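In: One predicted model, sequence on top.
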Amino acid sequence: MEQLSLVSSNKIFGGYQKVYSHQSSELKCKMNFSVYLPPQAEGGDVKLPVVFYLSGLTCSEQNFITKSGFQRYAADHGIIVVGPDTSPRGVKIPGDDDSWDFGVAAGFYVDATKEPWSTNYRMASYVNKELYELVQQAFNNVVDPDRIGIMGHSMGGHGALISTLRNPGLYKSVSAFAPICNPIQGPWGAKALGGYLGDDKSKWVEWDATELVKKYDGPPLTLLIDQGSIDQFYVDKQLLPENLVEACRSVGVPVILKLREGYDHSYYHIASYIGEHFDFHAKILKA
Ligand SMILES: N[C@@H](CCC(=O)N[C@@H](CS)C(=O)NCC(=O)O)C(=O)O
């Protein structure tokens, strides 16, 4: 098993918020990830559900664990929460920190195929294979491998949606705050998908939730999308949740879109509704 190093451990709401580092074989660099172990994990005699949380642009594993207040709800429901970083770190590809929406902290949860990104920028395989399996091995006494869900914010909401739709059955529950729902239609998505995958747009659709849902052929799923009404990126048509809702309706995939009056793109929105998302995941994972 891969070697894990404990970076930090803090007691919160009766459980422990931990951060580990490890050497990633997919990304070929050292990575941090967070794990919240709720109080029910103590003793190690019950198997608990797990929810992965994928962060947005400019984030590390720290933003969600310090700003959202999710631990209160994870502790209430007895859910383990795992949060990866948002890109490879320290690999020093020329241009990787020139912009905030591409390269470092902007891996977009895809597997890059274009040089020079394709060696390290493999966030899809990192999250859905390497970290998914690592968590099950490292915490095998408390993780229930049949009850795993995923959520995310913005770029990470896109990551949660495409991870679920591309890997039917891997995640039993999925929700997203302000996700990039139709990246092939927005400037962020076009920049990232073009940069990581090249100019052939027929490859981009394989990483676009609105396109993927039209072809989804897996276990029944309900998508929960949470969107702040004054989010500047929503107003600027980077996120396009209505396109995803329309695609879901066209193929009969249940979708809930909560439009939250007056909320923006920040963690103030996430903190306000993270409890509802944990209720949603718990209802599915603990059914
Ligand atoms: N001004 C923002 C623009 C990017 C942004 O809004 N990032 C979102 C995700 S797309 C975020 O979670 N930022 C970090 C935070 O709010 O803690 C920043 O630099 O953080």
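Out: Received, thanks. Numbering: from 1, shown residues only.

In: and the gap between Asp208 and Glu276?
Out: As defined by CB to CB, to the nearest Å, Asp208 lies at a distance of 26 Å from Glu276. Every residue, glycine included, has its C-beta placed from N, CA and C.

In: er, Leu257 I mean
Out: In this view, Leu257 and Glu276 are 13 Å apart by CB to CB.

In: Please name the nearest non-neighbouring residue to the single nearest residue of the stretch 51-200 of the chain relative to the ligand.
Out: Proximity of the stretch 51-200 of the chain to the ligand (CB to the nearest ligand atom) peaks at Gly56, 2.6 Å away. Computed as CB to CB, 6 or more residues apart in numbering, the closest residue to Gly56 that is not its neighbour in sequence is Ser154, at 3.3 Å.

In: same deal with Gln23?
Out: Lys30 is the one closest to Gln23 (CB to CB, 6+ apart), at 5.6 Å.

In: picking up where we left off before, the residue of the stretch 51-200 of the chain closest to the ligand: how many residues sit nearby?
Out: Using other CB atoms under 10 Å as the criterion, Gly56 is surrounded by 26 other residues.

In: What of Gly44?
Out: Neighbouring residues of Gly44 were enumerated by other CB under 10 Å; the total is 11.

In: Poorly predicted segments of the chain, please.
Out: For the chain, residues meeting the criterion pLDDT under 70 lie at 1-2.

In: Within the helices and strands, which one has Gly195?
Out: Take DSSP states H and E as the rule and Gly195 turns out to sit in helix 187-197.

In: Could you export the following helix or strand past that helix as PDB, CA atoms only?
Out: Taking DSSP H and E as the definition, the helix or strand that follows helix 187-197 towards the C-terminus is helix 201-204. Taking only C-alpha atoms (Å, rounded to 0.1, in the frame of the first residue of the first chain), the coordinates of helix 201-204 have been written out as PDB:
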ATOM      1  CA  LYS A 201     -13.800  19.200 -29.900                       C
ATOM      2  CA  SER A 202     -15.100  15.700 -30.300                       C
ATOM      3  CA  LYS A 203     -12.800  14.800 -27.300                       C
ATOM      4  CA  TRP A 204     -14.200  17.700 -25.200                       C
END
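
In: For the helix or strand following helix 201-204, output the C-alpha coordinates as CSV.
Out: Sequence order places helix 209-213 as the next helix or strand after helix 201-204, per DSSP H and E. Once non-C-alpha atoms are left out, helix 209-213 reads as follows in CSV (Å, rounded to 0.1, in the frame of the first residue of the first chain):
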residue,chain,number,x,y,z
ALA,A,209,-21.7,16.8,-17.9
THR,A,210,-24.4,18.2,-20.2
GLU,A,211,-23.2,16.0,-23.0
LEU,A,212,-22.5,13.0,-20.8
VAL,A,213,-25.9,12.9,-19.2
